[in-house]
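Peer 1: how would this look folded up:
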Amino acid sequence: MQENNLIRSLQYLEDTGRNLLTEVRGRSRNLGDHDGEFDSWWKFYQDLTPHLVGYAAEQKNEYINELVNKYQQHFTYLDHTLTPVDHTSFLKLLAKVFGSRNSLSRQEQALILEDISNNVGNLLYQVKINAA
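Peer 2: Next up, the predicted model:
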């Protein structure tokens, strides 16, 4: 994947993640609402992973490697241990990763979304620096 495409993809993930975070914090939305937007965002997040891993390997930059590793940690566990039945919604997916409960409070949802968005933002920044 070319750097420009990677930048656009990361920008989409960051912008959408921040919009979702704003809606969760503003109580106009809950991650349990299965309207497809969260799941589309998450699928895009997963699909981008091999491109980020390849990019990090090419750059040989320790900080980028750390960011990509953190990026992967948000779902690697799920891909290896959960059945497709457990992937019915983004909220259930997060609950399985970050706790044994079936639900997360709005504050926990917001913290997870913020962590993901911040990591994506840091990756975006590093890719832009390397592209310059």
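
Peer 1: which other helices and strands contact the helix or strand harbouring Pro50?
Peer 2: Using DSSP states H and E, Pro50 sits within helix 37-59. In terms of contacts (3 or more CB pairs under 8 Å, 6 or more residues apart in numbering; DSSP states H and E), helix 37-59 is packed against helix 3-25, helix 62-73, helix 90-98, helix 106-131. Where you see a C-beta, it was placed from the backbone N, CA and C, and this is true even at glycine.

Peer 1: Could you save those as CSV and add columns showing mean neighbour count?
Peer 2: Shown next, in CSV, are these (neighbours: other CB atoms under 10 Å):
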stretch, mean neighbour count
helix 3-25, 17
helix 62-73, 16
helix 90-98, 20
helix 106-131, 18
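
Peer 1: Pick out the shakiest of those, pLDDT-wise.
Peer 2: Ranked by mean pLDDT, those bottom out at helix 90-98, with a mean of 62.

Peer 1: any idea how far Arg25 lies from Ser117?
Peer 2: Separation of Arg25 from Ser117 (CB to CB, to the nearest Å) stands at 12 Å.

Peer 1: Quick one: residues contacting Ala57.
Peer 2: Listed by CB atoms under 8 Å, 6 or more residues apart in numbering, Ala57 has no contact partners.

Peer 1: do the one 10 residues further on as well
Peer 2: Leu67 makes contact with 56, 119, 122-123, 126, according to CB under 8 Å, 6+ apart.

Peer 1: what do you get for Arg25?
Peer 2: 106, 110.

Peer 1: and if we set it to 10 Å?
Peer 2: Contact partners of Arg25, counting by CB atoms under 10 Å, 6 or more residues apart in numbering, are 106-107, 109-110, 113-114.

Peer 1: Also Ala56?
Peer 2: Contact partners of Ala56, counting by CB under 10 Å, 6+ apart, are 62-69, 71, 123, 126-127.

Peer 1: Output the helices and strands packed on helix 37-59 as CSV; include the columns distance to Trp42.
Peer 2: CSV is the format used below for the helices and strands packed on helix 37-59 (distance: least, CB to CB, whole Å):
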stretch, distance to Trp42
helix 3-25, 10
helix 62-73, 13
helix 90-98, 5
helix 106-131, 10
